[in-house]
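Participant: sharing a model prediction with you, sequence too.
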Amino acid sequence: MAGSRGLSAPSDQTKPARLLPLDALRGAIMVLMALDHANSLIAHGKLEFELWADQFPHYAGDALTFLTRFVTHVAAPGFFFLMGAGMVLFAVSRRRQGWGNPRIMRHLALRGALLITLQFLVENPAWRIGQPPDPNIYFGVLYCLGGAMILGALLLRLPTGWLAGLGALLVVSTELLLPESRGGYVQYAPLLRMWLLPGYTQGMFVLYPVMPWLGVTGLGMAYGRWLARDRETACRWALWLGAAALLLFVPLRLLNGFGSIRPLQDDGWIAFLNLVKYPPSIAFLLLTLGADLLILGLFARAAEATLRPLVILGRTPLFFYLTHLYLYGYMGQWIDPAGIGIPRMYPYWLLGLAILFPFCWLYGRFKQSRPADSVWRYL
């Protein structure tokens with residue numbers, strides 16, 4: 001029943017109920033994402049990016065450093081998957097309010113364009129707080145989310161099976177299309193970087209190319225169709241889908257071939273879990289999306305009251321994302337520009353969350369009070 005479990009909480013009789021487990025999952029991965037960024041901006045503890053080519057992080061048995069990074073990996077796949085599901089649920093909701101498909105697609109395309117703009121005008125300066133100017137233009141997660149949203153809007157009318165198949169095809173094709181060389185600096189064309197190959201080239205640094213993450217978005221859109229048709233069954237089955245993905249991850253990783261992009265560095269447990277994220281390998285997505293779905297399934301079985309704090313954060317993702325970068329960036333400069341190390345960083349991560357929580361609550365209330373076609377709905 002609504003109110004006793006986390007599946008729905010309608011605010012009135014005219015609006016369709018929101019799916020609290022989705023909002024709670026989004027809030028949970030935002031909390032973990034904030035840990036990663038506090039690590040980077042306050043502790044200065046992050047090592048190299050988990051890139052498909054060139055250098056790869058090697059933790060040399062440092063379990064704390066590895067785990068601090070590892071637990072945050074669920075964030076990016078979760079964001080793209082939930083965005084895909086949210087796009088479908090948004091379309092269903094707006095059609096009930098009389099919106100036509102062109103208006104829905106235009107809204108999503110404009111929001112995608114806004115995300116890309118915010119990448120360069122708002123997010124990128126946050127990463128440079130207290131740092132010397134960087135001649136390279138950074139193409140990060142907001143750029144990729146925006147690109148995937150614009151292209152995903154064009155796919156909204158595809159059948160569910162086509163969405164799932166296309167999403168899986170893009171994920172698998174990513175590894176099939178990667179150049180064989182895993183070392184050496186190559187000046188790949190900028191458009192190839194933006195679409196497929198993370199790395200540096202010609203004054204730009206691309207960490208999130210669109211193609212593989214559009215695949216994750218497509219999978220999320222297919223799941224969103226299931227949610228729109230039968231939310232209770234879809235949420236209940238998330239637990240089993242997540243468990244299946246985690247079980248499939250183990251033999252794929254043990255084979256140490258296709259699906260991992262890069263071979264194991266050694267035979268330790270850290271190397272086994274140290275996966276290629278840029279672009280996401282199949283093993284990486286099985287592990288992280290499996291964990292996300294597992295959490296979603298557990299949240300669907302949780303009492304509504306236990307989800308509320310995460311739901312508040314999960315309903316203001318863009319506000320939280322941009323604000324937390326500046327908060328942790330300036331916090332790091334105030335505490336010690338040279339970094340304080342990972343153990344001392346953890347209390348400041350929690351302090352940042354405590355500071356952000358009431359602002360997210362206030363902004364969420366304000367945003368929900370705006371009409372459906374308000375410019376605030378884009379944020």
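Facilitator: Structure's in. What do you need?
Participant: when you work out contacts or count neighbours from here on, use the C-alpha atoms and nothing else.
Facilitator: Will do.
Participant: just say helix, strand or coil for residue 70.
Facilitator: Three-state call for residue 70 (DSSP: H, G, I helix; E, B strand; the rest coil): helix.
Participant: kindly report the same for the one 3 residues further on.
Facilitator: Using three-state DSSP, the three-state assignment for residue 73 comes out as helix.
Participant: what distance do you get for it to residue 122?
Facilitator: 23 Å (Cα to Cα, to the nearest Å).
Participant: higher neighbour count, those two?
Facilitator: Legend: neighbour count by other Cα atoms under 10 Å for residue 73 and residue 122, higher for residue 73 (23 against 16).
Participant: grab the nearest non-local neighbour of the more buried one.
Facilitator: Take residue 73 and drop its neighbours on the chain: the residue closest to it by Cα to Cα, 6 or more residues apart in numbering is residue 288, 6.5 Å away.
Participant: helix or strand right after the helix or strand containing that neighbour?
Facilitator: Residue 288 is part of helix 282-300, with elements assigned from DSSP states H and E. Under the assignment DSSP H and E, the closest C-terminal helix or strand after helix 282-300 is helix 304-314.
Participant: which of the residues in that next one are buried?
Facilitator: 304, 307-308, 310-314 (16 or more other Cα atoms under 10 Å).
Participant: that helix vs helix 282-300, what angle?
Facilitator: If you take axes from the mean of the first three to the mean of the last three Cα atoms, to 10 degrees, helix 304-314 sits at 130 degrees to helix 282-300.
Participant: what's helix 304-314 packed up against?
Facilitator: Applying 3 or more Cα pairs under 8 Å, 6 or more residues apart in numbering; DSSP states H and E, one finds that helix 304-314 makes contact with helix 20-38, helix 342-368.
Participant: just name the most buried of those helices.
Facilitator: helix 20-38 (a mean of 25; mean count of other Cα atoms under 10 Å).
Participant: quick one: mean pLDDT over stretch 323-338.
Facilitator: For stretch 323-338, the mean pLDDT works out to 96.
Participant: kindly report the same for stretch 140-148.
Facilitator: Stretch 140-148 carries an average pLDDT of 98.
Participant: what secondary structure does residue 197 sit in?
Facilitator: Here residue 197 is recorded as coil under three-state DSSP.
Participant: does it touch residue 279 like I think?
Facilitator: Yes: between residue 197 and residue 279 there is a contact at 7.0 Å, judged by Cα atoms under 8 Å.
Participant: list residues touching both of these two?
Facilitator: Jointly contacting residue 197 and residue 279 under the rule Cα atoms under 8 Å, 6 or more residues apart in numbering are residue 209.
Participant: re earlier: from the chain's centre, how far out does the helix holding residue 288 sit?
Facilitator: On the basis of Cα atoms, centre = their mean, to the nearest Å, helix 282-300 sits 12 Å off its chain's mean C-alpha point.
Participant: quick one: contacts of that helix?
Facilitator: So helix 282-300 is contacted by 5-7, 20-22, 24-25, 73-74, 77-78, 171-172, 235-246, 248-249, 252-253, 259-260, 275-277, 307 (Cα under 8 Å, 6+ apart).
Participant: among those, which are located in helices?
Facilitator: When DSSP state H defines the helices, the subset of those inside them is 20-22, 24-25, 77-78, 171-172, 235-246, 248-249, 252-253, 307.
Participant: now which of these would you call buried?
Facilitator: Buried positions within the ones in helices among the contacts of helix 282-300, assessed by neighbour count (16+ other Cα under 10 Å), are 20-22, 24-25, 77-78, 171-172, 235-239, 241-243, 245-246, 249, 252-253, 307.
Participant: who touches residue 155 in this structure?
Facilitator: residue 163.
Participant: over to it. Which of the three states is it?
Facilitator: Three-state call for residue 155 (three-state DSSP): coil.
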